[in-house]
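In: Fold the following, please.
(one chain, ligands or ions: 2)
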Amino acid sequence: MVAAAEVTRYPEPANVPSQLRDDGPRKLGTWDIDLLALEGNEGGKLPNDHLTWLQAIPADAPIEHIRAAYSRDGVVHVRGVLDRDKVFDTRAKFFEYVSPSGVLQPETAPREGLYNTQLDPAQFPGPSATQFNRNQNDNKLLDLSVSAGYEPFIVDFSDDPALLGFVGRLMSDWQEPFRFKRQLLRTNIPRTYKAATRVHYDQMYLRGMEPGAVTAWIPMGDVSPVSGGLMYLEDSVPLGLELENKFKEMNKDLPPEEQLSAFNQNMLYGGGLTKDCRAFSLATNRRWLVGDYRAGDVVFHHSCMIHCSANNEDPEDRIRLATDVRFADRAQPYDVRWEEFYYPGDGK
Ligand SMILES: O=C(O)CCC(=O)C(=O)O
Ligand SMILES: [Fe+2]
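Out: Numbering: from 1, shown residues only. Ligands and ions are numbered 1, 2, ... in the order given. Reported below is the predicted structural model:
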């Protein structure tokens, strides 16, 4: 077994040069990317010349523009796909539901999702930090976040026709777009360290199908550039595809079930490519695309697009809540393992 302390594990990619595009504006609203101090799991400030903005496109922009951005970049941040009030209502319901965990600042509205800073954030690791060796009931927030995912208020939120409709327009060659039942709710607690989302691409969890599923990452609240939203590695679909092909080759003599596993002997312990997003962007000579996300926005990404999150340094101690749901075409073969609800340690 691979040591738990291992930070990085992926096959050396052959030379996959990045198609670096012209740097866009360094300012986004009141934010200046050169002044951001972002850190990932392994610490170390991300060099600002390795950051650039993920620009949002309004949901009512011509779909051809949105489609072109998605196929060029592997990711598109769409502003205003969902009704903002609905997103906040669901956020409020979620935080009410998990409030027995004690995570909320007493006497604040659940809708705000403010963290109870009296508590040690280390007691609330999220789903990816607890993939293995978890004692039952050692993390009430995680237990409640998991079971919230089975509740109609979350399932209905994810089944919003506006979302499926958008996917249908984005993937116009799909015959029958559908949403996988499996979904996660992720609470990133402010100033929790070593608990950010590792560098990964989703195909490693979706090995029961060919690359091509679409992930919708849905911030459930406003998530500013310093509040632990997703960051995408620019021009990384070709790199993700190559890494996955190499993993396939490495996995080919494993039992079939193991070949599909994101946690088999060839993978980083606990999943992902590396916990060190700083080193990864330097090694691959690519920048992290950083977004300023608002409730109602949805980010769509390709299953080989590489991404991670930075630590949540929200100045108001807001918990970063997001959910991720995935879509595919029912007319094509898809990963049937994703037809079930998520539970911790389910190995996908
Ligand atoms: O919300 C996160 O931090 C992780 C989400 C993710 O990896 C995804 O949407 O594919
Ligand atoms: Fe992901």
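In: Residue numbers of the stretch 201-348 of the chain in contact with ligand 1?
Out: 202, 215, 217, 230, 307, 309, 322, 324 (CB under 6 Å from any ligand atom). Quick note: C-beta positions are derived from backbone N, CA and C, even for glycine.
In: Closest approach to ligand 1 from the stretch 51-200 of the chain, which residue is it?
Out: residue 197 (3.5 Å; CB to the nearest ligand atom).
In: Measure how far stretch 83-92 is from the centre of its chain, please.
Out: From the chain centre to the centre of stretch 83-92 is a distance of 19 Å (CA atoms, centre = their mean, to the nearest Å).
In: Return the residues of the stretch 51-200 of the chain in contact with ligand 1.
Out: With CB under 6 Å from any ligand atom as the criterion, the stretch 51-200 of the chain comes near ligand 1 at residues 186, 197.
In: Run a quick neighbour tally on the closest residue in space to residue 298 that isn't next to it in sequence.
Out: Closest residue to residue 298 apart from its sequence neighbours, by CB to CB, 6 or more residues apart in numbering: residue 81 at 4.3 Å. Using other CB atoms under 10 Å, residue 81 has 22 other residues around it.
In: and if you look at residue 118?
Out: Neighbour count of residue 118, defined by other CB under 10 Å: 8.
In: Could you say whether it sits in a helix, a strand or coil?
Out: Three-state call for residue 118 (DSSP: H, G, I helix; E, B strand; the rest coil): coil.
In: Please determine how far it is located from residue 226.
Out: Separation of residue 118 from residue 226 (CB to CB, to the nearest Å) stands at 22 Å.
In: swap in residue 285?
Out: 25 Å.
In: Name the residue in those two with the higher neighbour count.
Out: A count of neighbours by other CB under 10 Å puts residue 226 above the other of residue 285 and residue 226, at 19 against 11.
In: What does that one show for phi and psi?
Out: Main-chain dihedrals, residue 226, degrees, to the nearest 10: phi -110, psi 10.
In: check contacts around it.
Out: Residue 226 makes contact with 36, 37, 38, 310, 312, 313, 314, 315 under the criterion CB atoms under 8 Å, 6 or more residues apart in numbering.
In: how about 6 Å then?
Out: Neighbouring residues of residue 226 by CB atoms under 6 Å, 6 or more residues apart in numbering: residue 313.
In: what ranges do the strands span in the stretch 151-300 of the chain?
Out: Under the criterion DSSP state E, counting those that start in this stretch, strands of the stretch 151-300 of the chain are mapped to 177-179, 184-188, 214-219, 230-233, 288-290, 298-302.
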